[in-house]
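Novice: what follows is a predicted structure for the sequence shown.
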Amino acid sequence: MAIEERKSMSSSVIQNLVLENREKLSISGVLDVLSFDDQVIIAETELGLLNVKGDNLRINKLSIDTSEVVVEGEIYNLSYSEKNSDKTKSSLLGKIFK
């Protein structure tokens, strides 16, 4: 994704991540929670896929209507990946199984 696209996208979309003492994470702008367990939570946000890693993770609040998620536990890592990363994987798998 080009820098210009990111700038225009970030000006129209507001997403907040509030991390309190590495134990409570409040996320706005969540479209869906794709996967979760006690060590990894993957949420689809308006700005891409958000990966939350830690221990004893639990979702205390999930509201798709207000686009908010609250995660509690020992949070070690927050990282974004592009929404289109699944397309790259599927095309790679398509090439393997041709």
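Specialist: The structure has been received and is ready for your questions.
Novice: now do the contacts for Ser35.
Specialist: Residues in contact with Ser35, defined by C-beta atoms under 8 Å, 6 or more residues apart in numbering, are 41-42. Any C-beta I mention is one placed from the backbone N, CA and C, and that applies to glycine too.
Novice: any idea which element it lies in?
Specialist: For Ser35, the element it lies in under DSSP states H and E is strand 30-36.
Novice: can I get that strand in CSV, CA atoms only?
Specialist: Output in CSV follows, covering the C-alpha atoms of strand 30-36 (Å, rounded to 0.1, in the frame of the first residue of the first chain):
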residue,chain,number,x,y,z
VAL,A,30,-13.0,-3.3,15.1
LEU,A,31,-15.0,-4.9,12.3
ASP,A,32,-14.7,-8.5,13.4
VAL,A,33,-12.7,-10.9,15.7
LEU,A,34,-11.4,-13.6,13.4
SER,A,35,-9.6,-15.8,15.9
PHE,A,36,-8.9,-15.8,19.6
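Novice: and the next element down the chain from that strand?
Specialist: strand 40-45.
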